[in-house]
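In: Below are the sequence and a predicted model for it; my questions follow.
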Amino acid sequence: MKAIVLDKAGSSENLMLMDINKPVLKNNEVLVETKAISINPVDYKIRSTEEGLTMMYGATRPVILGWDLAGSVVAVGENVSQFKIGDKVFGMVNFPGAGNAYAEFVAAPENHLAKMPVNTSFEEAAATTLAALTALQVLESRVKKDDRVLIHAGSGGVGHFAIQIAKHLGAYVITTSSAKNRDFVMSLGADEHIDYRTQAFEEVATDIDFILDGMGGDILMKSLKVMREGGSIISLPSSPEIIEEAQKLADKNISVSALLVQSSAKDMNTLKELLETGVIKAHVSKTFPFAEMAKAHLELESGRTVGKVIVKF
Ligand SMILES: NC(=O)c1ccc[n+]([C@@H]2O[C@H](COP(=O)([O-])OP(=O)(O)OC[C@H]3O[C@@H](n4cnc5c(N)ncnc54)[C@H](OP(=O)(O)O)[C@@H]3O)[C@@H](O)[C@H]2O)c1
């Protein structure tokens, strides 16, 4: 089968298209013939450093990156009960851990997958995985009706799902992006847009109950200023040291924490339902052929992705 293999950490040029053996299935896994893969910032972050690779893959080299996929089941392990050959499935597999999804065939644990919604393309299904799971796992238990929610980077992969899910939960949603993405984020249901290039969000947003911070750094520190008493912030890219520093600076009983998204069939089934009922929609802004995986990485590394970037077979 064709796979994109990475022998050592470094630039996108290290991603090599190769012919390798199909994976051997474990009892709890299905073999998915991959049709579409979604790319996330974590893909290039892990690709870039040996520490990142070791965190996800241990000492194994070479590795196959990738966690987000949609495809068709072509074989099932002995203990698999939820899927049969021919089912169309989607999910974020083995995250955090060895994803192995940049391949024509992927061995995926059944408890990381859901059946694809009817009337959804493989591209849209693949897009509704890591980024959508993150938005769901962050917001579902933290945001309630009428909360004032600020979503930084609302036009990105996580942000564009987060706007739709926060609105579904009944929140008032304020979001940041540059001016060119204003119409896009408003079309997702945002109530207010802040162009971070011309406006200081910390001077515009007030009384915020919850912040989903997809930026970190200075933006996390400035976020403390706009919070209501007892509000909370989840910062996706921040290290434990930065979270600790921000928590020390926080007053008004504000809580600052991080969250690492986890593979989950239960949450994938929630996303399936949200897609089927039209509550969320994936926005795929660019699609690359499998052989151009390196270009897809460069696109993500630009930091300008609108919605999701997909690679397809
Ligand atoms: N902890 C976890 O489990 C977890 C899970 C998912 C993601 N993450 C992390 O969360 C971050 C966001 O992920 P993502 O997939 O959403 O990224 P992404 O799709 O690459 O985000 C790109 C978007 O960011 C916007 N942006 C750039 N600079 C901005 C700024 N200063 N203020 C507001 N928006 C800005 C861009 O809009 P403009 O072009 O309009 O500027 C663009 O639309 C990444 O660091 C990722 O690694 C962590």
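Out: It's in.
In: give me every residue that touches the residue of the stretch 51-200 of the chain at minimum distance from the ligand.
Out: The minimum distance from the stretch 51-200 of the chain to the ligand, using C-beta to the nearest ligand atom, falls at Gly156 (2.4 Å). Where you see a C-beta, it was placed from the backbone N, CA and C, and this is true even at glycine. For Gly156, the contact set (C-beta atoms under 8 Å, 6 or more residues apart in numbering) comprises 131, 177, 214, 305-307.
In: Look up how far Val149 lies from it.
Out: Computed as C-beta to C-beta, to the nearest Å, the Gly156 to Val149 distance reads 16 Å.
In: What of Lys225?
Out: In terms of C-beta to C-beta, Lys225 sits 16 Å off from Val149.
In: Looking at these two, which one has more neighbours?
Out: Between Lys225 and Val149, counted using other C-beta atoms under 10 Å, Val149 has the larger neighbour count: 27 against 15.
In: element containing the more buried one?
Out: strand 148-151 (DSSP states H and E).
In: Identify all contacting residues around that strand.
Out: Contacts for strand 148-151 (C-beta under 8 Å, 6+ apart): 139, 143, 159, 162-163, 166, 171-176, 190, 201, 205, 207-212, 214, 223, 226, 228.
In: Buried subset of those residues as a ChimeraX selection?
Out: Here is the ChimeraX command that selects the buried residues among the contacts of strand 148-151 (16 or more other C-beta atoms under 10 Å):
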select :139,143,159,162,163,166,171,172,173,174,175,176,190,201,205,208,209,210,211,212,214,223,226,228
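In: what bridges to the spatially closest residue to Glu192 that is not a sequence neighbour?
Out: Nearest residue to Glu192, sequence neighbours excluded (C-beta to C-beta, 6 or more residues apart in numbering): Ile174, at 4.3 Å. Here Ile174 sits in beta bridges with Leu150, Glu192, as judged by DSSP bridges.
In: so Glu78 touches Asn27, yeah?
Out: Yes: under the criterion of C-beta atoms under 8 Å, Glu78 makes contact with Asn27 at 4.5 Å.
In: I'd like the domain boundaries of this structure, if you could list them.
Out: Listed domain ranges for the chain are 2-128+282-312, 132-257 (source: automatic domain parsing).
In: interface residues of this structure facing the ligand?
Out: Selection of the chain residues close to the ligand by C-beta under 6 Å from any ligand atom yields 40-42, 131, 134, 152-153, 155-159, 176-178, 181, 196, 214-215, 236-237, 259-261, 300, 303-306.
In: mind running it again at 5 Å?
Out: Residues of the chain found near the ligand, taking C-beta under 5 Å from any ligand atom as the criterion, are 41, 134, 153, 155-158, 176-178, 181, 196, 214, 236-237, 260-261, 304-305.
In: Make a PyMOL selection of the buried ones in these.
Out: Filtering the residues of the chain next to the ligand down to the buried ones (16+ other C-beta under 10 Å) takes a single PyMOL command:
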select buried, resi 41+134+153+155+156+157+158+176+177+181+196+214+236+237+261+305
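In: Keep only those of the residues of the chain next to the ligand that are in helices.
Out: 41, 134, 157-158 (DSSP state H).
In: which one of those sits closest to Gly58?
Out: Checking those against Gly58 by C-beta to C-beta gives Pro41 as the nearest, at 21.8 Å.
In: check contacts around the closest one.
Out: Contacts for Pro41 (C-beta under 8 Å, 6+ apart) come out as 157, 237, 300.
In: do Lys295 as well
Out: 12, 288.
In: ok, now with 10 Å
Out: 12, 15, 286, 288-289, 309, 311 (C-beta atoms under 10 Å, 6 or more residues apart in numbering).
In: Next: Asp267.
Out: Counting by C-beta under 10 Å, 6+ apart, Asp267 has contacts 91-92, 112, 114, 132-134, 136-137, 140, 261.
In: now do Leu133
Out: 67-68, 91-92, 95, 158, 161, 261-264, 267-268, 270-271.
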